[in-house]
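Chemist: What would the 3D arrangement of this be:
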Amino acid sequence: MASGSSSSGGGGGSVATLWNDVNRAGQNGDFTRALKSINRILQVTKDDVTALHCKVVCLIQTGSFKEALNVIHSHTKVLTSDVIAFEKAYCEYRLNRIENAQKTIESASKQTDKLKELYGQVLYRLERYDECLAVYRDLIRNSQDDYEEERKTNLSAVVAALSTWEGVLSEDLGLQDFTYELCYNAACTLIGQGKLSEAMKKLQQAEELCRQSLSEDSDVTEEDIDAELAIIHGQMAYIMQHQGRTEEALQLYNQIIKLKPTDVGLLAVVANNTITINKDQNVFDSKKKVKLTNADGVEHKLSKKQIQAIEFNKALLAMYTNQADQCRKLSGGLQSQNPEHLLPVLIQAAQLFREKQHSKAIDLLQDFSEQYPAHAAEIKLTMAQLEIAQGKVSKACMILRSIKELEHMLGMVSALVTMYSHEEDIDSAIEVFTQAIQWYQEHQRSSPAHLSLIQEAANFKLKHGRKKEAISDLEQLWKQNPKDIHTLAQLISAYSLVDPEKAKVLSKHLPSSDSMSLKVDVDALENSAGATFVRKKAGKLAGENQQNEKGQGDVKKKKKKKKGKLPKNCDPKVTPDAERWLPMRERSYYRGRKKGKKKDQIGKGTQGATTAVAAELDASKTASSPPTSPRPGSAAAVTSSAAASTAASNVIPPRHQKPVGTGGTKKKQQQKKRKGGKGW
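Modeler: Sure thing, here's the model as predicted:
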């Protein structure tokens, strides 16, 4: 002990000098130099509490959180929780050991303001927003220092998280939007409430405040301002996407990605939102964007719901790119993490359906609905959709009718009636109407939905000839509104086939024709410029009056239709053939060609040669063959008109005669060759 005491005393001057160096370096912010001096002090006094505490602080300031924790853990007897609680919890928080940091803070005997500040951050990371809100409200109420603005910013962030992730609208805390951070958090709160237009205005205001505050600093460049505005622009793009302005949103997302911001959480969210816009299109771009969601540290920057959404989109992208094994792996992992979550099962069923394993997909959904009845309605709707996709409409109807909590909904009734009408099952469609009307009579009698259902049921029954069944619905509607003439007319029409006497009694309730007549000047209406229909008699009277007033000279003369010109060779005395417009083969007097006629006309010589040409060239047949046309001065030219008409009826008209000689044949052959030539 004596030697130790003398050594300590002998080195006292040097230790004091080292402490002066530590103090000077700490004031200058040179914590690396201070750490060297502290290490030299600890060589002299190993268990000096102050030196060990200073060493931990220096390591934290230089970002060496693991080394700082090692120092704390190796000197637990000296560095007790009361002395080092804040530093230990802070190191655990920065190393993303959030649960350990929570335990360290809660085990501290004295809760200082520093610990409370850190505890609020820890609760926020644990997504325990209600407790976090209480901590910050207590800090703002009971502390007075220069950090009030930061606390209000954190408080507004907690309010925004409650609104966005839990749908909780907290009370008005009186936070003013005098900084761009507060304005941004207020916009996020409005987004959580669904007030997108108001949120966009807040974001625009936040952008202006950010530019003003950063432009005052001469050291800040335009690139720094753009990097700071990236998160605001990302939220603007998100609003545009929800408003259906996908092109504008996509352009803004791509601008943010080009900036390459250091915030990996922002990059992951922007990339994920771009993938949701692409869906099953532009898959190559989505594959590139998905890499940004896999960056290191992303899981510590985002909330659990954000990470979950990104994982769902990865599974869907794998399905769209036909990576079946990858899709099953991702969706299976999501289901094991969240067994009650609906989306992983839906993704698995969609993948099976794409692989045409329809029965397996439906069985998977059926098992899940039985295991988790809370999601039975959504699962059964999906099952019905799959059945419809296979054309099994009747099965789909059975599944939909098994969803008891939705059977009275107007959308469900409409879908079922449409499907049953498609299957021509009118009785089942009427049964659906009846069950829905009974539910409304018991729970929401005479509500607009109830009356609308009755009206649609009556119209449906009348449309399909079920007038007797429609009478009760129409009577109920008429009792609700006795002034409804249309319903009364439908009721009288229905009773006219079932009970004519009742129809007569009801017809007395119809308004008289005098009360229904419209006080309109018919003549003025018909003579107006906008009249589209004028009776013929009225038109004639109007024309006569105009002739009397204006005179005959003013009336426009109607143009006479010109008579059509007759053909040159037409004989007006001969009755034209009634079947002249029909092709020869379709006329009643056509008997077809005689057998052997073709043989007589076409010879067996060279191509194009005919017997008609050979006959003309044969001198022996010239005398006996009849002339093709009458010669001048011959007896054939002086025949009577009756004989001429008889001969004309037996002669084939020139238009139907085939061209004689080889010239026409050659012309046709040339046209055929040109049509099928290789040059075209």
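
Chemist: What number of neighbouring residues does the residue nearest to Ala458 when sequence neighbours are not counted come out with?
Modeler: Among residues not flanking Ala458 along the chain, Asp473 sits closest, at 4.0 Å (Cβ to Cβ, 6 or more residues apart in numbering). In short, each C-beta sits where N, CA and C put it, glycine included. Other residues within reach of Asp473, judged by other Cβ atoms under 10 Å, total 26.

Chemist: How about the one 4 residues further on?
Modeler: Per other Cβ under 10 Å, the neighbour tally for Leu477 reads 20.

Chemist: how close does it sit to Ser452?
Modeler: 10 Å (Cβ to Cβ, to the nearest Å).

Chemist: so who does Cys397 touch?
Modeler: Ala384, Leu416, Met419, Tyr420, Glu423, Ser428 (Cβ atoms under 8 Å, 6 or more residues apart in numbering).

Chemist: contacting residues around the nearest residue to Leu203 once chain neighbours are set aside?
Modeler: Once flanking residues are discounted, Leu203 sits nearest to Ala187: 4.7 Å by Cβ to Cβ, 6+ apart. The contact partners of Ala187, by Cβ under 8 Å, 6+ apart, come to Ala199, Met200, Lys202, Leu203, Ala206, Gln235.

Chemist: try 6 Å
Modeler: Ala199, Lys202, Leu203 (Cβ atoms under 6 Å, 6 or more residues apart in numbering).

Chemist: Return the backbone torsion pair for it.
Modeler: phi -70, psi -40 (degrees, to the nearest 10).

Chemist: Check the gap between it and Ser213 for me.
Modeler: With the distance defined as Cβ to Cβ, Ala187 ends up 17 Å from Ser213.

Chemist: still on that earlier bit, among the contacts of Ala187, which ones are in helices?
Modeler: Of the positions in the contacts of Ala187, Ala199, Lys202, Leu203 sit in helices, assigned by DSSP state H.

Chemist: which residues touch stretch 350-362?
Modeler: Contacts for stretch 350-362 (Cβ under 6 Å, 6+ apart): Met319, Cys327, Ala349, Met383, Leu386.

Chemist: now the third one: how far from Arg94?
Modeler: In this structure, Ala349 lies at 43 Å from Arg94, with Cβ to Cβ as the measure.

Chemist: Check the first one too.
Modeler: To Arg94, Met319 is 38 Å away according to Cβ to Cβ.

Chemist: hang on, isn't Asn96 packed against His300?
Modeler: Yes - using Cβ atoms under 6 Å, Asn96 makes contact with His300 at a distance of 4.9 Å.

Chemist: where's the spatially most central residue of the chain, which helix or strand?
Modeler: Taking Cα atoms, centre = their mean, the centroid of the chain lies closest to Gly244, which sits 8.8 Å from it. Per DSSP states H and E: Gly244 is located in neither a helix nor a strand.

Chemist: Could you check how far it is from Ala199?
Modeler: On the measure of Cβ to Cβ, Gly244 and Ala199 end up 16 Å apart.

Chemist: again, but for Ala458
Modeler: 46 Å.

Chemist: Show the average pLDDT along the one helix or strand the residue nearest to Ala458 maps to.
Modeler: Assigned by DSSP H and E, Asp473 falls within helix 467-480. Averaged over helix 467-480, pLDDT sits at 75.

Chemist: related to what we said a few turns ago, hang on, isn't the residue nearest to Ala458 packed against Ser452?
Modeler: No - using Cβ under 6 Å, Asp473 makes no contact with Ser452, being 11.8 Å away.

Chemist: Give me the domain ranges for this structure.
Modeler: 15-136, 322-406, 409-509 (the TED database).

Chemist: Asn313: which of those domains is closest?
Modeler: domain 322-406 (9.8 Å; Cβ to Cβ).

Chemist: same question for the closest one, mean pLDDT?
Modeler: Rounded mean pLDDT across domain 322-406 is 91.

Chemist: Residues in contact with the helix holding Asp473: which ones?
Modeler: Under the contact criterion Cβ under 6 Å, 6+ apart, helix 467-480 has outside partners Ile454, Ala457, Ala458, Lys461, Leu462, Thr487, Leu488, Gln490, Leu491, Ala494, Leu497, Val498.

Chemist: Quick one: these as CSV, columns for secondary structure, neighbour count and distance to Tyr440 too.
Modeler: CSV is the format used below for the contacts of helix 467-480 (DSSP: H, G, I helix; E, B strand; the rest coil; neighbours: other Cβ atoms under 10 Å; distance: Cβ to Cβ, whole Å):
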residue, secondary structure, neighbour count, distance to Tyr440
Ile454, helix, 23, 9
Ala457, helix, 27, 11
Ala458, helix, 26, 15
Lys461, helix, 23, 17
Leu462, helix, 18, 20
Thr487, helix, 22, 18
Leu488, helix, 20, 23
Gln490, helix, 22, 21
Leu491, helix, 25, 21
Ala494, helix, 26, 22
Leu497, helix, 12, 28
Val498, helix, 11, 26
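
Chemist: Tell me the one of the residues you listed nearest Ile277?
Modeler: Checking those one by one against Ile277 (Cβ to Cβ), the nearest turns out to be Ala457, at 42.8 Å.

Chemist: I'd guessed that closest one sits against Gln435; true?
Modeler: No - in this structure Ala457 lies outside contact range of Gln435 using Cβ under 6 Å: 10.8 Å.

Chemist: Between the two ends of stretch 282-297, what distance do you get?
Modeler: Stretch 282-297 has an end-to-end distance of 27 Å (Cα to Cα, to the nearest Å).

Chemist: any idea how far Thr262 lies from Cys210?
Modeler: In terms of Cβ to Cβ, Thr262 sits 17 Å off from Cys210.

Chemist: Compare these two (neighbour count), which wins?
Modeler: Cys210 (20 against 9).

Chemist: residue contacts, that one?
Modeler: Neighbours of Cys210 in contact, by Cβ under 6 Å, 6+ apart: Tyr180, Glu228, Leu229.

Chemist: ok, Asn185 touching Val159?
Modeler: No - under the criterion of Cβ under 6 Å, Asn185 makes no contact with Val159, lying 7.1 Å away.

Chemist: Among the contacts of stretch 350-362, give me the pair with the biggest separation.
Modeler: It's Cys327 and Met383 that sit farthest apart of the contacts of stretch 350-362, by Cβ to Cβ, at 20.0 Å.

Chemist: Listing request: residues of the chain with sub-threshold pLDDT.
Modeler: Across the chain, the ranges flagged by pLDDT under 70 are 1-13, 481-484, 497-499, 505, 508-520, 529-563, 594-680.

Chemist: The closest residue to Tyr119 other than its chain neighbours in helix, strand or coil?
Modeler: In space, Tyr119 comes closest to Ile105 once its chain neighbours are excluded; the distance is 4.9 Å by Cβ to Cβ, 6+ apart. What DSSP: H, G, I helix; E, B strand; the rest coil gives for Ile105 is helix.

Chemist: mind checking how far Ile105 is from Arg125?
Modeler: Counting by Cβ to Cβ, the gap from Ile105 to Arg125 is 12 Å.

Chemist: The two: which has the busier surroundings?
Modeler: When Ile105 and Arg125 are compared for neighbours, Ile105 comes out ahead with 23 against 17, by other Cβ under 10 Å.

Chemist: I'd say that one and Ala89 touch.
Modeler: Yes - using Cβ under 6 Å, Ile105 makes contact with Ala89 at a distance of 5.0 Å.

Chemist: Need the residues that contact the helix or strand that contains Ile437.
Modeler: Using DSSP H and E, Ile437 sits within helix 426-443. With contacts defined as Cβ under 6 Å, 6+ apart, helix 426-443 is touched by His408, Val413, Leu416, Val417, Tyr420, Ser421, His450, Leu453, Ala457, His464.

Chemist: Go through it and flag the buried ones.
Modeler: Neighbour counts over helix 426-443 (16 or more other Cβ atoms under 10 Å) mark Ile426, Ser428, Ala429, Ile430, Val432, Phe433, Ala436, Ile437, Tyr440 as buried.

Chemist: Could you identify the most distant pair in these?
Modeler: Ile426 and Tyr440 (21.6 Å).

Chemist: Alright, calling it a day.
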